[in-house]
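# Return atomic coordinates for the entry below.
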Amino acid sequence: MTTQPTVEAATPIMSRLKEETADLHHEAENHPFQQALVRGELPLEAYGSHLGQLRLVYGALERALAGLRDSRPDLAPIIEDRRFHEQKLASDARFVGSDDKPAPSVPTQKLIDDIAKAARENPIALLGFFYVLEGSTNGGRFIAGAVRKAYGFEGIDGTRALDPYGEDQRGLWGEFKQGMGRLPFTEDEQDSMIRAADRMFRAIAEIGGANRA
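Below is the predicted model of the structure:
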């Protein structure tokens, strides 16, 4: 009698995502836009513009993810409404006096188009995009503090999307990792998620660069 492999052995998706996107993750974190934001050197107008562009991206992805959840109820423990941050980005943009739903920049529109294509042709790949945005909340707590200091913000206004979970951050990230690890994704599905995560890391750098130009 043969035994089935454990879910962890069959689905090392979180390890693969972390390891196989590490270089692009590093490049995104060290992009001049992100470094200027952390150092408090980014003009408030550029920060506000960036929030508006991110709102467009988050909105497109979150609507696509909601559709995926409707067709795949087994993904509901991962695709939770509390992990959707479009409205927090809108609030942050309005707080800093920026358009909360501007026209998309070229890099933003390209990413939105890629999200839409994934939703049509290979919906499970959306989890790769989601992984990058959800993972960004880990460093987001640190960046939020730097932003508040740089712009003189008091409280969470202006940084709700950077630090959406507050003290619950570590626990929620752990739940996300465990939820992903429990699901029996095929190798092809994992590969598609990794490609999507790579695309998201590149796009975030491109969107930041466009807002700083």
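# pLDDT below threshold where in the protein?
Along the chain, segments meeting pLDDT under 70 span 1-11, 212-213.
# how does it look with 90?
1-12, 34, 38-40, 100-101, 141, 209-213 (pLDDT under 90).
# Tell me the secondary structure at residue 158.
For residue 158, the secondary structure call by DSSP: H, G, I helix; E, B strand; the rest coil comes out as coil.
# is it true that it touches residue 89?
No: using C-beta atoms under 8 Å as the test, residue 158 is too far from residue 89 to be in contact (10.8 Å). Every C-beta, even on glycine, is put in place using the N, C-alpha and C of the backbone.
# check which helix or strand covers the residue nearest the centre of the chain.
The chain has residue 133 as the residue nearest its centroid, 1.1 Å off, counting by C-alpha atoms, centre = their mean. Secondary structure from DSSP states H and E places residue 133 in helix 126-151.
# which parts of that helix are buried?
126-137, 140-141, 143-144, 147-148, 150-151 (16 or more other C-beta atoms under 10 Å).
# what packs against it?
In terms of contacts (3 or more C-beta pairs under 8 Å, 6 or more residues apart in numbering; DSSP states H and E), helix 126-151 is packed against helix 32-38, helix 44-71, helix 106-121, helix 169-182, helix 187-212.
# wait, which of the ones you listed is closest to residue 100?
helix 44-71 (5.8 Å; C-beta to C-beta).
# List the buried residues for that closest one?
For helix 44-71, a neighbour-count test (16+ other C-beta under 10 Å) marks 44, 46-62, 64-65, 68-69 as buried.
# tell me how far it is from the chain's mean position?
9 Å (C-alpha atoms, centre = their mean, to the nearest Å).
# Use 58 as the first number for this chain going forward.
Renumbered: residue one is now 58, and that last one reads helix 101-128.
# same for that helix, what does it pack against?
So helix 101-128, by 3+ C-beta pairs under 8 Å, 6+ apart, packs with helix 143-152, helix 163-178, helix 183-208, helix 244-269.
# That helix versus helix 183-208: what angle between them?
With axes from the mean of the first three to the mean of the last three C-alpha atoms, to 10 degrees applied, the angle from helix 101-128 to helix 183-208 works out at 150 degrees.
# Could you pull up the residues touching the residue nearest to residue 238 when sequence neighbours are not counted?
Once flanking residues are discounted, residue 238 sits nearest to residue 71: 5.6 Å by C-beta to C-beta, 6 or more residues apart in numbering. Counting by C-beta atoms under 8 Å, 6 or more residues apart in numbering, residue 71 touches 234, 237-238.
# Pull out the buried residues from those.
Among these, those classed as buried by 16+ other C-beta under 10 Å are 234, 237.
# TSV for the contacts of residue 71, including distance to residue 86?
Formatted as TSV, these follow (distance: C-beta to C-beta, whole Å):
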residue	distance to residue 86
234	19
237	21
238	24
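# Among the contacts of residue 71, which one sits closest to residue 95?
Distance to residue 95 across the contacts of residue 71 (C-beta to C-beta) is lowest for residue 234, with 24.8 Å.
# Which residue comes closest to the closest one once chain neighbours are left out?
Once flanking residues are discounted, residue 234 sits nearest to residue 71: 5.1 Å by C-beta to C-beta, 6+ apart.
# With distance to residue 220 added, can I get the helices and strands packed on helix 101-128 in a markdown table?
Formatted as a markdown table, the helices and strands packed on helix 101-128 follow (distance: least, C-beta to C-beta, whole Å):
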| stretch | distance to residue 220 |
| --- | --- |
| helix 143-152 | 10 |
| helix 163-178 | 22 |
| helix 183-208 | 4 |
| helix 244-269 | 17 |
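# Kind regards, and thank you for your time.
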